Structure formats: C-alpha cells, structure tokens
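Peer 1: here you go, sequence then predicted model.
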Amino acid sequence: MLFSDRMWTVPEVKDISRTTRVEDEKLKLVSEGCAPETKDVRHESKDIMGEVSKTHHAIQTLDKTISNLEMELAAARAAQESILNGSPVSDNLKITQSSGKRKYLMVIGINTAFSSRKRRDSVRATWMPQGDKRKKLEEEKGIIIRFVIGHSATAGGILDRAIEAEDKKHGDFLRLEHVEGYLELSAKTKTYFATAVALWDADFYVKVDDDVHVNIATLGATLARHRSKPRVYIGCMKSGPVLAQKGVKYHEPEYWKFGEEGNKYFRHATGQLYAISNDLATYISINQHVLHKYANEDVSLGSWFLGLDVEHIDDRRLCCGTPPDCEWKAQAGNICVASFDWSCSGICKSVERIKEVHRRCGEGENALWSAEF
C-alpha cells in the first residue's frame, strides 16, 4: 500500500469578496444601447452541473487507476523482497504479473466439501450453466464459475481421486493448495482469493456456499454498478454476538480481543455470499501470510478490511429467504441475488429443495443471456 504526505494549500486572498460563478453571472449586466438587462444563465448553469458530474466521474476513474498502480507496485515489491531473501517467487505473483490477460466481470467461487457431491449436482441442475453454456458464459459475459475445494489430509487418497473423476466429467473445479477441514475455512478463503486473482483478472471475486440459490444475471448487474469504485466489499452486513462459551456453534476462542463478554463483532458480510473488488483480492493475495485467521471465515474476511479505506455495501438482495420471501419479491419486480434459510445458514435440505427455489425465484435463463454488464 502507498501513502502520501503531500498537502496542497490554498493561498489566502485578502480584500476580495468571493462569489460563485453562477452568482457572478447573475449579477453581470449586458449593455445593449441604454437598457441594461440581466443575462440568462439557466443554460450555463446546466452546463456547469454537467461539468461537475463529468469531473466527479473522472476523479473516480483516476482514483481506481491509482489504486491499481499501487497494487501492482506492492506486488512487484513483494516479488523483489522474495528474491532478496532468497525465497522463490510464488506462482501466484508470477501469474499476476503476466500481461495480456483477459478482463472478466466476476469470478464466482462455490465453496464445497468432499461430502457434498449431491449438493454440487443440485447446483449444476439449477442455476449453474453446464458444458458449452458455461464456456459461452465465460466468453460472452465474462463470468467464471467454479466449485472451490482443496485436498484431503492424505494426498492422492480416495477423496481426492473422487474429485478428480468428477472434475474430469464436468471440468468445473478450482483446486486449491489447501487441506480441507471445517475449522480451516478462514485459511481456505485466503487461498481462494489469492488463487482466483492470480488465474483470472476480474472486477469482482465472489464467494458463495453450495447450498445457496443464485441469480447470476442479477448478481452481475448488481456488481457492475460498483465497477468504478476501487475498493468495495459487498454483502449482507451483520454484527452477531461474540460467543465465548466453548462447545457452542461459532465459538470464538479469541473472544477476549473483542472487549467485554457479551460484545458483538464489527460489521461484516454474512458468509453465504459476498463479493470483493479486484484491489481487495489482490491485497489478500499479497498479504495472505500475515492476515490473522479467526474461527469464523466471514469474521476473518471482515477483519482484514478494517484498517483499509474500503466501502462496505449492505445489499439485502444478497440474502433473501426461500419461498415465499424471494417469490414475493420477484413478483414485485425486485429479483433476489441469492436465497437461503437463515435457520440453516443455507437452504434447508438444499438437495431436495433447490429446484423448487429455482422454479419460483429464478430470474429465467433468458435474463442471463440478454444481460449487458
């Protein structure tokens, strides 16, 4: 990250009364013969507002460009430091520095486990395009979708061979250099973003669970609205209690770091689905070895952005309930990005129910292929 201590000072001008340009123009008199008249500035006022809007957009674009350059410089410095220390440059950094990569809108990583074959098949049968359609999605819409999984503790064992066979059939996996385990989700999240940003140059990187229903076109349109912003973190923001009691679900061993007992976590996106911009994924990739992991993956991700200049975007369409909630919203013209049951942290009995959710709350296949991002 780069910081600048440059300051600009505006020289003080004495004995001159300041007025805005519009006010000056209103006061300006145009003499025609002997009858002075006030100049009409309504048209010029509109021009000024247009220029202000253009300037604001230019500043946003410049801010994003500067941020991208800062990230590239940080990556180059990290590579140089590795060389000076005698360590090999990571493959991720090598790939990141390569030029000529295609630009994508988003990479959607579906978090999955060895035991979730039926869940994956249910996703393939509903909202995730298959075969040539998935390739078309990548080529025409710039959207990458992969199931994300690491390796078993016994490399090359029966679990890994089963995934390899499944991948050979469908070709829709992203394999991570990571040992799978529920208590290792924070580490898996870091590795996913670092790997994805190295493989694909995208505006956004999305993480979603394999028991959540997603409307891809609606997700793409939602993210595209924030393209001009350099550092965005999008999801359903929450602040749950820090659970100090051992043995309970979501127990936080480091509860004491969050203040007195009974305190809540800082605001962060719920883990079922969230998205981060390219700059933030690059930041995670560069700093992955020093980013602290808390027990809960969504808390860990939120903590990594606390000290950064990041815009948190709370969009409740990313956490609709299953029917009738998402169905009512769709009928009202407010299609949900993602649907699941809070009580199950995903769709309850998703293998049996996701087809019904897709039928009642899906945006329709034509919405995806006709979408312009």
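Peer 2: Looks like it came in fine.
Peer 1: work out the gap between stretch 318-326 and the centre of the chain.
Peer 2: How far stretch 318-326 lies from its chain's middle: 21 Å, per Cα atoms, centre = their mean, to the nearest Å.
Peer 1: wait, what's in contact with Lys168?
Peer 2: If you count contacts by Cβ atoms under 8 Å, 6 or more residues apart in numbering, Lys168 has none. Any C-beta I mention is one placed from the backbone N, CA and C, and that applies to glycine too.
Peer 1: mind checking pLDDT for it?
Peer 2: Per-residue confidence at Lys168 stands at 97 (pLDDT).
Peer 1: ranking helices and strands of the chain by mean pLDDT, which lands last?
Peer 2: Taking mean pLDDT, DSSP states H and E as the measure, the helix or strand of the chain with the lowest value is strand 29-32, at a mean of 44.
Peer 1: which residues in the stretch 151-300 of the chain form strands?
Peer 2: 173-179, 201-209, 213-214, 232-238, 268-277 (DSSP state E, counting those that start in this stretch).
Peer 1: among the ones you listed, which is nearest Trp328?
Peer 2: When the strands of the stretch 151-300 of the chain are compared by Cβ to Cβ, strand 213-214 sits nearest Trp328, at 15.2 Å.
Peer 1: direction included, what does that closest one pair up with?
Peer 2: strand 338-339 (antiparallel) (DSSP bridges).
Peer 1: pLDDT averaged over the partner strand - what is it?
Peer 2: 99.
Peer 1: and if you look at stretch 192-210?
Peer 2: 98.
Peer 1: residue ranges in this protein under the pLDDT threshold?
Peer 2: Applying pLDDT under 70 to the chain flags residues 1-46, 49-50, 52-54, 56-58, 60-100.
Peer 1: domains in it, by residue range?
Peer 2: Using automatic domain parsing, the domain parsing of the chain gives 22-89, 91-369.
Peer 1: what's the most buried one of the ones you listed?
Peer 2: Compared across the domains of the chain, domain 91-369 shows the largest average neighbour count, a mean of 18 (mean count of other Cβ atoms under 10 Å).
Peer 1: give me the three-state assignment for Ile149.
Peer 2: Each residue gets one of three states, and Ile149 gets strand by DSSP: H, G, I helix; E, B strand; the rest coil.
Peer 1: how long is stretch 134-150 end to end?
Peer 2: 22 Å (Cα to Cα, to the nearest Å).
Peer 1: let me fix that: stretch 329-339
Peer 2: From its first residue to its last, stretch 329-339 covers 11 Å (Cα to Cα).
Peer 1: can you tell me what sits against it?
Peer 2: Identification of contacts with stretch 329-339 by Cβ under 8 Å, 6+ apart yields 208, 212-215, 218-219, 222, 272-273, 315, 317-322, 325-326, 347, 357, 360-361, 363.
Peer 1: swap in stretch 180-188?
Peer 2: Stretch 180-188 has contacts (Cβ under 8 Å, 6+ apart) with 111, 113-114, 148-153, 176, 178, 293-297, 300-301.
Peer 1: put the alpha carbons of that stretch into CSV.
Peer 2: Provided in CSV are the C-alpha atoms of stretch 180-188 (Å, rounded to 0.1, in the frame of the first residue of the first chain):
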residue,chain,number,x,y,z
GLU,A,180,-9.8,-29.3,3.7
GLY,A,181,-11.4,-29.0,7.1
TYR,A,182,-14.4,-27.1,8.6
LEU,A,183,-12.1,-25.3,11.1
GLU,A,184,-9.9,-24.3,8.2
LEU,A,185,-12.4,-22.1,6.3
SER,A,186,-10.6,-18.9,7.0
ALA,A,187,-7.4,-20.3,5.5
LYS,A,188,-9.4,-21.6,2.6
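Peer 1: please renumber the chain so that the first residue is 59 from this point on.
Peer 2: From this message on, residue numbering opens at 59, which makes the last subject stretch 238-246.
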